[in-house]
Structures are given as structure tokens and as C-alpha cells.
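# pasting the sequence and the predicted coordinates here, then a few questions.
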Amino acid sequence: MVDLSSLNESQRNAVLCIDKPSLVIAGAGSGKTRVLTYKIAYLLESGFAPDSILALTFTKKAANEMKERIASMVSGEMARRLWMGTFHSVFMRILQREHDVIGFPANFTIYDNTDSKNLVKSIIKDLELDEKVYKPADVFYRISSAKNNLLSPNAYLKDNELMENDRLSRMPSIGKIYKIYWDRCRQSGVMDFDDLLVYTFLLFEKSQEICAKYSSMFRYILVDEYQDTNFAQHRIILQLAKNNPNVCVVGDDAQSIYSFRGAKIDNILTFSKYFPDTRIFKLEQNYRSTQNIVSAANSLIEKNRRQIRKSTFSEGQVGNRLQLISAYTDIEEASIVVNRIANMISRGVENDEIAILYRTNSQSRMFEEELRKRGIAYKIYGGMSFYQRKEIKDMMAYFRLIANPNDEEAFKRVINYPKRGIGPTTVDKIMSVAIQNSTSMWNVASSPLDYNLSVSSAVAKKLSDFCVLVKSLIEGSANGMDAAAIAQKVYTETGIKHELSISTDVESHGKKENTEELLNSIAAYCKDTQEETGKTVSIYDYLTEISLISELEEKDDDARKKVNLMTVHAAKGLEFSNVFIVGLEERLFPYIMTFENPAMIEEERRLCYVAITRAKENCFLSYAKSRFKFGQTEFCRPSRFIMDINPMYIEEARPVSQVIPNNNGDFKPQVLKKLKRTEDEVSVQKTVSSEFGVSVGERIRHERFGSGTIVSIEGDGENTKAVVEFENVGKKQLLLKYAKFQKIG
């Protein structure tokens, strides 16, 4: 017999309701999976045959975990016979059974996203459309969105609003491409992932008899994470439950954060409209977090207008209030956060119990560099380290080619990026001729006649244009342009900026942000170096500096426990003892692209709610008052979400000791103190610079490094330098001629 005694009252009531539609609103950390597992076990015990239960999840991992738990409660055989799996895997089983009704062969195959994009690319080429405008990834994204909204090609072509949007985005032929793509897939007997939803819907729509068969077969339907369902998934559930309303959906509208993937929060908010007899169960006890964390999250999310209201509570420890970290600059924010992490580790906290969460991938760079500086092991969860991302490596390859045009790997990487019509056949010819003549690929490409390179005049022109471009960049570097200016020229003149700007998909937008963050980092490095030494940073100097970072990243494959870095989107479903939510500023979190849309601001608030509720014991919120962007300092306002939290549950974070690793790689705390020097030391150093109006002991605020104290001054005239002990970023040497700071008393 299934023992329900370990469930709380709300969980138990949700499990026992098996004769009416039910909506289980499961707050963060409230035991959602536990309820689903027990409910399925209880259904089996109550006489429901395993193959009469349909349970749909979003991940294979979730389905497998539930099956294992159910097997331990009833039997492995019963668990195996359940119709349990992801939407796509379950619907594929149905379509394989009913393939003839929708006109597909029994052995139809599935295209993955790469296959689909390749087919789209082929169609674009057949139609003689410009691939720089009709980027395959963008076109496929539009087709996918149409399918998730159950729009056939014919319906798409008749939709005036869609046609106008395509025209305004300079892609009026998307509807035509969609129609050809649809027909080609059918002719080939293949479906893509979206088709598994579309054709299931069409199957049930076309044949009421088949729809009734599955509706009768599935005596009970359960759906996990209902707030993440899209329009097509929701409609299929309605089809299956039309004559059998024994359906239970579980989710949390407060954690609906995937609208960019097509998720519709209305599916969960209006569920009871479609099923009038719905019983609503609210799982409000949080088993993950302390009382203060839960209360703070509640006070934030209650500001949303569109929601199913609940009062999540914790009976755990009261715990610490949320700690608010205010930094003067973005570099200081990274230093403060990592210093606090180092302090935790020195007190015995495991690295993997710490997470840094940010709104956009591009924010990882500064924290990665600060963690590496401290020798703290970390990993990027669900993504790649900043300098390993393709778009960053593409830019770096151009830099390497400028510094050394004979760099073969750099040459091969960028010869046709962005696409300029120089295909692999041409590249192979260049390589072959280079090997035969014991020279570099660059020499062959830049002097094709000298090496008798056999290419058409059209290809020769493209090679010439590429080489002229690279030579102009080399010339700029040779004439004294610093690395920041060269990097900006690479970004604009190669066409990379245009390539990343015309794309409408989320992935390309992220690549653009990452590339611009690289430009910011180079500009900051040039500026900091000038302030410290007065020297101009060449592109070669920058590459020398950055290659050491890249090498460390590639070698970091050890099995040590590591601090977790990830976007808030990637953090959903995870939990950590200590969570740092960074970059909480207006136009960053909430994100700038959501500002004109109240519904999207509410989703951003839900995203912040998800971030806070990942924390079990300690949650830190941090923001910077200024960020370095596009070569200059921009001032920032704290996020509205900080103000949305009841001040009862939030407090200013107290400073902690700076922690540095000793020679053995262990961490030792070192309290920052004003430097006390002996009379002998003072006698060989200046205490005042009348030319620059500063003296030892004075407090200054630097536009990049924050507040600090001048501890020494040396040199004369243009060579006057000050060493400053900054509160959060340590000791820095500034060449006063270039230093950007103000005295603060």
C-alpha cells in the first residue's frame, strides 16, 4: 500500500483527488515531483492500468527519475508500462502507430535542428535568395514559431500581419520557404521536432475517431511544468481531455520564464476556464529555503498583477536576511562578490554549494577573470566559458591574423566568416599550393598569380577583397592604433557586427552581447594599462595577455568541486546553499528589451523570483552604480526588483576580510588595513604631488576601481605615479597624468 503519511496535508489532498480535473500550484521547493510520483503510484494502486495513465514531462531526466521512484513504490513492471515521457517522445509513439492517417510512412525519421537548418539553407539557395538576409537559423526560428502556434504554411501565407512583419524585416519570402520546407519534409518522409506536436494535433483534429480512442485509452492525464507549455501542447491536452476530464496539471505560474521559447503563461492561469470543475491545490510549504528567503521572494512576486496568488512559507530556520551588495563599478562588483566567495571557502564552504547567477551570458567574463585571479575553481553551467565561445574565438582569430598573417588556423577560421563566398574547395586549393611551395596560406591568398593558384576570376576577386581588408587592419595596428580601436574596426569592417545585428533569434542576440562585452573588456584593458604605465596596448600585447587565460581554461579539466556560474534561466530547477544574483540594475535585470512591455516586465520579475528561490541558506543581491561600456563609463540605477522586496527581509552586506591564496593554494584571510610605513620608507618617497593636487593618505574614488587610499607617490612631472590601496580591488599603480578619479576627503 502506498504510504502517504510522509506528505503534508496539501500534498496529500492533491494526491487523493483522482475524480476531477486538478490544478496543482507548486511553489518553489514545495515537493512538486514528490506529489506527481505519489499520485501516479496511488492511481495504480486504485486500479488504473499502467497503460491508461499518460504522464508528460519536459525532460527525459524528469521522466526517468519519476519512473524510478514509482518502481520503488509499486513495481518495476508497472512503472515500465506507463505512458510516461517527454511530449515529443510520447507523441512520436502515437504518430508511429497512426502514421497512415497523416500520410507518413511507418519508418518516418526525425530531423534534428541541424538537419532542419541545412534543409532551410538548401531552399534559400534554390530560391536564389541572399543568405546574408535570409539567415537559415532566423528562418528556421520563424518556421518553428509558426508550428508551435499551429499555423500551417497556407495559414501563414494568408496572415496579413505575419506577411507585413516579414516584409518589414526584409524577408518577404519566409512564407514561401515555409511551404517548400513543409512539402520537402513530407516528400522525404521526415518530421522535425515541432512536427511531432503539429501532426499529433492534426491527427486528432482530422480523425475524431482516433482522438476518441486515445481519450478513452488514457483514463488519467498528468502534465508537469504546465506553465512552460506552448500553444500546441495546450491544445493537444484539451483534445485528449475533451471527453475525459481526469487531468492533473502541475506547475507554478510564478516560475513561468520561457516566453521566448513559446511558453504561454495563460495556459496555467486560465486552466480552470477550460475545466470548470477544477479543484485547485496550492503547495505552499517550501522545504528548500530559510524563512527570510521565502518571505523576501513572496514580497517580490506579489507585485505581479497576473498570477494565481499563494502564500509560500518555510518552517525551516529564520536564517539571514538577503544581503545587498552595492558596488561603485562593475569591476568592483566582481571583486566584492569573489572576495566574499573566497571568504566562504576559507571557512569550509564547498565550492559547488556556491552559485553566481546573472541575466545575460556576457556578464560571466568579469567574474571568471576574478575567480581565476584568486585561483578558485569554477564552471559555467549549461554553457561555455567566455573565451571558449565561438563568437569570441572568431574575433580572436582576426586579432591573431592581424598580429601574424601567417597563422594558418586563424586564416582558415575567418577566410569565410562572415560568409564572403570563399568555400572549402578554394581553401583546400590554397592549402595544397601553400604546402607545395613551403609557404603560408596567407602568402598564397594575397599573391595568387605568383603561386599559380587555380581559381575563377570571381573567387580571385573575393580573395583579393579579403586580403585588402586584413592588410588595412594590419596597417592600422602598425600605425599605432591601440587594441581597442583595432578590435572595433574588426567588429564593423569585417561585417561581424552586421551579421549579428540582422538576426532575430535569441542565440544571435546573445552572441552580439558577448562580442560587445569582449570589446568592452579590451577597451577597459587599454584604459587601465594607460593609467598604470602610460603605454598604448597593441593588438599583439592584448593577445599575449589573453592567451594565458585561454590556456588555463583549456587545461582546467580537473575533478575539483567548482563554483557554479550560470544565467538565471539555466538555474531553474537547481538549488545551492549560497546564491549571488549579480547585475541587478535597470536595463540589465530587468532586461532592456522588456522595458516597453508590461507583460515582459512581469516575466522578468518572475525570473528574479526564480533566482532568489534557488538559495537554501544565503542569498546575496548585487548591483554596480556604473558599468564600462563602449569605451566609457555609464551610470546605472538599481533594479526596481530590489525595491520590490520588503525591506524587512533585506539588509546592506557587511564588509568581509579579503582572502588571498597562500603559496600552497589554500586560502588565508587578510584584513585590509591602512598601510603604516616607517619613517625610513617615507624618506625615500614623496608624500605630496602639488602638480596633481594629491597626497599620501588622501581618499579618492576611481571611475573603474572604486574607493581607495593613496599609500605612496613617486616620480615627477608626467611620470608621477601613485599607488592606491582600493577597498575591494586591491593595490593599483596609477600614472596620475591619465588617471580618472576624484578626491572624496
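Looks like it arrived, so ask away. Numbering: from 1, shown residues only.
# what's the helix or strand hosting residue 71 in contact with?
For residue 71, the host element (DSSP states H and E) is helix 60-73. If you take C-beta atoms under 8 Å, 6 or more residues apart in numbering as the criterion, helix 60-73 is touched by 2, 33, 36-38, 40-41, 44, 55, 57, 78-80, 82, 84-86, 89, 224. C-beta: built from backbone N, CA, C; applies to glycine.
# in helices, which of those residues fall?
Of those, the ones assigned to helices by DSSP state H are 33, 36-38, 40-41, 44, 78-80, 89.
# of all these, which two lie farthest apart?
Greatest spacing in the ones in helices among the contacts of helix 60-73, by C-beta to C-beta: 38 and 89 (23.2 Å).
# so between the two, which is more surrounded?
Counted by other C-beta atoms under 10 Å, residue 38 and residue 89 do not tie: residue 38 has more neighbours, with 24 against 14.
# my read: that one touches residue 8, true?
No. At 11.6 Å, residue 38 does not count as touching residue 8 under the criterion of C-beta atoms under 8 Å.
# mind giving me the packing neighbours of the longest helix anywhere in the chain?
In the chain, assigned by DSSP H, the helix with the most residues is helix 506-533. Applying 3 or more C-beta pairs under 8 Å, 6 or more residues apart in numbering; DSSP states H and E, we find helix 506-533 packed against helix 136-148, helix 364-373, helix 390-403, helix 483-493, helix 496-501, helix 539-555, strand 626-629, strand 730-735.
# next helix or strand past the lowest-mean-pLDDT helix or strand in the chain?
When each helix and strand of the chain is scored by mean pLDDT, DSSP states H and E, helix 679-683 comes last, with a mean of 39. Sequence order places strand 688-689 as the next helix or strand after helix 679-683, per DSSP H and E.
# so what touches the next helix or strand after that following strand?
Using DSSP H and E, the helix or strand that directly follows strand 688-689 along the chain is strand 694-695. Residues from elsewhere that reach strand 694-695 (C-beta under 8 Å, 6+ apart): 687-689, 700, 710, 713, 722, 736, 743.
# looking at those, spot the one nearest residue 440.
Nearest to residue 440 among the contacts of strand 694-695: residue 736, at 45.0 Å, using C-beta to C-beta.
# and that closest one, its phi and psi?
phi -60, psi -30 (degrees, to the nearest 10).
# and it, how many residues sit next to it?
By other C-beta under 10 Å, 21 other residues sit near residue 736.
# these two touch, right, it and residue 702?
No. Using C-beta under 8 Å, residue 736 is not in contact with residue 702, being 11.7 Å away.
# still on that earlier bit, just send the helices and strands packed on helix 506-533 back as JSON lines, with mean pLDDT and distance to residue 566 too.
What follows is the helices and strands packed on helix 506-533, written out as JSON lines (pLDDT from 0 to 100; distance: least, C-beta to C-beta, whole Å):
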{"stretch": "helix 136-148", "mean pLDDT": "92", "distance to residue 566": "23"}
{"stretch": "helix 364-373", "mean pLDDT": "93", "distance to residue 566": "8"}
{"stretch": "helix 390-403", "mean pLDDT": "92", "distance to residue 566": "18"}
{"stretch": "helix 483-493", "mean pLDDT": "94", "distance to residue 566": "27"}
{"stretch": "helix 496-501", "mean pLDDT": "90", "distance to residue 566": "23"}
{"stretch": "helix 539-555", "mean pLDDT": "69", "distance to residue 566": "16"}
{"stretch": "strand 626-629", "mean pLDDT": "88", "distance to residue 566": "20"}
{"stretch": "strand 730-735", "mean pLDDT": "86", "distance to residue 566": "27"}
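# which of those sits closest to residue 610?
Nearest of the helices and strands packed on helix 506-533 to residue 610, taken as C-beta to C-beta: helix 364-373 at 18.2 Å.
# the next helix or strand after the closest one pairs with which strands?
Following helix 364-373 in sequence order, the next helix or strand is strand 378-380 (DSSP H and E). Applying DSSP bridges, strand 378-380 is found paired with strand 563-567 (parallel).
# could you check the angle the partner strand makes with helix 364-373?
170 degrees (axes from the mean of the first three to the mean of the last three C-alpha atoms, to 10 degrees).
# need the contact partners of strand 563-567.
Contacts of strand 563-567 (C-beta under 8 Å, 6+ apart): 341, 351-352, 354-361, 364, 367-368, 371, 376-383, 576.
# now those: which count as buried?
By neighbour count, with 16 or more other C-beta atoms under 10 Å, the contacts of strand 563-567 hold 341, 351-352, 354-361, 364, 367-368, 371, 376-380, 383, 576 as buried.
# please tell me how far residue 51 sits from residue 236.
Per C-beta to C-beta, to the nearest Å, residue 51 is found 19 Å from residue 236.
# more neighbours: which of those two?
When neighbours are counted by other C-beta under 10 Å, residue 51 and residue 236 differ, and residue 236 comes out ahead with 24 against 13.
# show me what contacts that one?
Taking C-beta under 8 Å, 6+ apart as the definition, contacts of residue 236 comprise 91, 197, 200-201, 204.
# run the last query once more with 7 Å
Counting by C-beta atoms under 7 Å, 6 or more residues apart in numbering, residue 236 makes contact with 197, 200-201, 204.
# who wins for neighbours among the residues you listed?
When neighbours are counted by other C-beta under 10 Å, residue 200 leads the contacts of residue 236 with 26 neighbours.
# can you tell me the helix or strand for it?
Going by DSSP H and E, residue 200 is part of helix 193-206.
# mind listing what's buried along that helix?
By 16+ other C-beta under 10 Å, the buried positions in helix 193-206 come out as 193-204.
# next secondary structure after that helix?
With DSSP H and E, the next secondary element past helix 193-206 is helix 208-217.
# what angle sits between that following helix and helix 193-206?
Helix 208-217 and helix 193-206 are oriented at 100 degrees to each other (the same axes, to 10 degrees).
# hmm, which of the contacts of helix 60-73 are the buried ones?
Going by neighbour count (16+ other C-beta under 10 Å), the contacts of helix 60-73 have 2, 33, 36-38, 40-41, 44, 55, 57, 78-79, 82, 84-86, 224 buried.
# would a markdown table of the helices and strands packed on helix 506-533 with distance to residue 603 be doable?
Shown next, in a markdown table, are the helices and strands packed on helix 506-533 (distance: least, C-beta to C-beta, whole Å):
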| stretch | distance to residue 603 |
| --- | --- |
| helix 136-148 | 17 |
| helix 364-373 | 22 |
| helix 390-403 | 26 |
| helix 483-493 | 31 |
| helix 496-501 | 24 |
| helix 539-555 | 33 |
| strand 626-629 | 23 |
| strand 730-735 | 39 |
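# among these, which comes closest to residue 304?
helix 136-148 (24.4 Å).
# mind listing what's buried along the closest one?
Buried, per 16+ other C-beta under 10 Å, within helix 136-148: 136, 138-148.
# turn the buried residues of helix 193-206 into TSV, including pLDDT and distance to residue 604.
Shown next, in TSV, are these (pLDDT from 0 to 100; distance: C-beta to C-beta, whole Å):
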residue	pLDDT	distance to residue 604
193	91	28
194	94	27
195	95	32
196	94	31
197	95	27
198	96	30
199	96	35
200	96	33
201	97	31
202	96	35
203	96	38
204	96	36
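# of the residues you listed, which is the nearest to residue 177?
Out of the buried residues of helix 193-206, the member with the shortest distance to residue 177 (by C-beta to C-beta) is residue 194, at 14.9 Å.
# who's in contact with that closest one?
For residue 194, the contact set (C-beta under 7 Å, 6+ apart) comprises 144, 147-148.
# now residue 56
So residue 56 contacts 87, 90, 223-224 (C-beta under 7 Å, 6+ apart).
# from those residues, which land in strands?
residue 223 (DSSP state E).
# which pair in the contacts of residue 56 spans the largest distance?
Top of the distance list for those (C-beta to C-beta): 90 and 224, 12.2 Å.
# following the helix or strand containing residue 410, which helix or strand comes up?
Taking DSSP H and E as the criterion, residue 410 maps to helix 408-414. For helix 408-414, the following helix or strand on the C-terminal side (DSSP H and E) is helix 424-436.
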